[in-house]
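J.: this one's sequence-less:
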């Protein structure tokens, strides 16, 4: 599940491993601390509540790579250290960045509802969401018109 553990990791190996995992509907792969996500362009049953709940407080190495693991780690690191956390979601147009962000935010909101930070952090996240959507809908040099308009 973590390609950084391979003895050899070059472009060909990376692409082959990602392709093999993609054909098995394993769209998430770790490369060290980086989560690589490949848009499956279809619905997968990997976002159910039982799956999401299995990532709560779980060690990264105990479960398959998932956006829930990243969101959970950010939330629990913030609780443990008291410091802000940041997740960078990057990719080409249509790569699934917005969907990944939505899954991560929903997971963090659910953790807030169950945890010590409660509704204050939930309100802050929900207030920021329109701003994130505005940036997501902005035209760029690569994409003059967002598909969400």
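T.: Happy to help now that I have it. These numbers were taken from a predicted model, which means no experiment stands behind them.
J.: Please count neighbours and contacts with C-alpha atoms only from this point.
T.: Fine.
J.: my read: residue 85 touches residue 74, true?
T.: Yes. Contact criterion C-alpha atoms under 8 Å: residue 85 and residue 74 qualify, at 5.8 Å.
J.: who has more neighbours, the two?
T.: Just comparing residue 85 and residue 74: by other C-alpha atoms under 10 Å the higher neighbour count belongs to residue 74, 19 against 14.
J.: Next, work out how far apart the more buried one and residue 8 are.
T.: As judged by C-alpha to C-alpha, to the nearest Å, residue 74 and residue 8 stand 29 Å apart.
J.: do the same with residue 16
T.: For residue 16, the distance to residue 8 - C-alpha to C-alpha - is 12 Å.
J.: Quick check, central residue of the protein?
T.: residue 67 (3.2 Å; C-alpha atoms, centre = their mean).
J.: And that one, how far from residue 126?
T.: Here the criterion is C-alpha to C-alpha. By it, residue 67 lies 19 Å from residue 126.
J.: Could you tell me which residues make contact with residue 25?
T.: 40, 44 (C-alpha atoms under 8 Å, 6 or more residues apart in numbering).
J.: Any regions of this protein where pLDDT drops low?
T.: Along the chain, segments meeting pLDDT under 70 span 115-119, 121, 129-149.
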